[in-house]
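J.: kindly return the folded structure for what I paste below:
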Amino acid sequence: MNNKTPGREFAFKFLFHLFIKENESLKNSFLEGAIGKLELEESIKDFKESYIAQDDEHPNNQIDDGNWFFANKLILGVSQHINEIEEILKKETKRENLNHLEKIERCVLMIGTEELNYFDTPYQVVINELVELAKIYGSAQSGRFVNGVLDGIRAK
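T.: Just a heads-up that it's a prediction; the model follows:
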């Protein structure tokens, strides 16, 4: 079985990159479903160039063609289904405004919701992989929170 972890991590880092302050207009376009496919694909390519550039902080950031394809499919899927994903997350987290979620958790949950609802990946794999991402990049409670939310989504 093909390891898609690097693709999920790239997709997560791209979405998290959108939430950084200097990307406010791109983030808003993305969250409103108003970003064009070509503009989004260009943004993903630009991000990939900086992602794989060797530097002291990220000496091993690489992504093979299979994971690049998978990451693109995840990101484009989140973009296409953003309204449904946000509604699912609002219901499952019992929050009217997702801006109150930690950005890392929100990005991980968007990817997980997309993959659980629109991909054929076994739910155990999706939940396990995204809980691990949340543990690596989030707070001490992020893994448990992501696990609970994704498991709730899966159960429905």
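J.: in terms of secondary structure, what does the worst-scoring helix or strand of the chain on mean pLDDT contact?
T.: Lowest by mean pLDDT, DSSP states H and E among the helices and strands of the chain is helix 24-31, with a mean of 82. On a contact count with 3 or more CB pairs under 8 Å, 6 or more residues apart in numbering; DSSP states H and E, helix 24-31 meets helix 5-18, helix 37-52, helix 82-93. Heads up, the C-betas are built off the backbone N, CA and C, glycines and all.
J.: most packed of those helices?
T.: Highest mean neighbour count among the helices and strands packed on helix 24-31 (mean count of other CB atoms under 10 Å): helix 5-18, with a mean of 21.
J.: contacts for that one, please.
T.: 23, 26-27, 30, 43-44, 47-48, 51, 62-64, 66-71, 74-75, 78, 103-104, 107-108, 110-111, 115, 129-130, 133, 137 (CB atoms under 8 Å, 6 or more residues apart in numbering).
J.: tell me the mean pLDDT over it?
T.: Regarding helix 5-18, the rounded mean pLDDT is 92.
J.: ditto for stretch 99-119
T.: 94.
J.: and it, how far out from the chain middle?
T.: 6 Å (CA atoms, centre = their mean, to the nearest Å).
J.: buried residues, it. List them.
T.: Within stretch 99-119, the residues scored as buried using 16 or more other CB atoms under 10 Å are 101-118.
J.: same thing with stretch 143-152?
T.: For stretch 143-152, burial by neighbour count (16+ other CB under 10 Å) applies to Gly143, Phe145, Val146, Asn147, Val149, Leu150.
J.: please save the CA atoms from the least confident helix or strand of the chain in PDB.
T.: Taking C-alpha atoms only, helix 24-31 is exported to PDB below (Å, rounded to 0.1, in the frame of the first residue of the first chain):
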ATOM      1  CA  GLU A  24      -5.500  36.900   4.400                       C
ATOM      2  CA  SER A  25      -7.100  37.600   1.000                       C
ATOM      3  CA  LEU A  26      -6.100  34.200  -0.400                       C
ATOM      4  CA  LYS A  27      -7.500  32.500   2.800                       C
ATOM      5  CA  ASN A  28     -10.700  34.500   2.500                       C
ATOM      6  CA  SER A  29     -11.200  33.600  -1.200                       C
ATOM      7  CA  PHE A  30     -10.500  29.900  -0.300                       C
ATOM      8  CA  LEU A  31     -12.900  29.800   2.600                       C
END
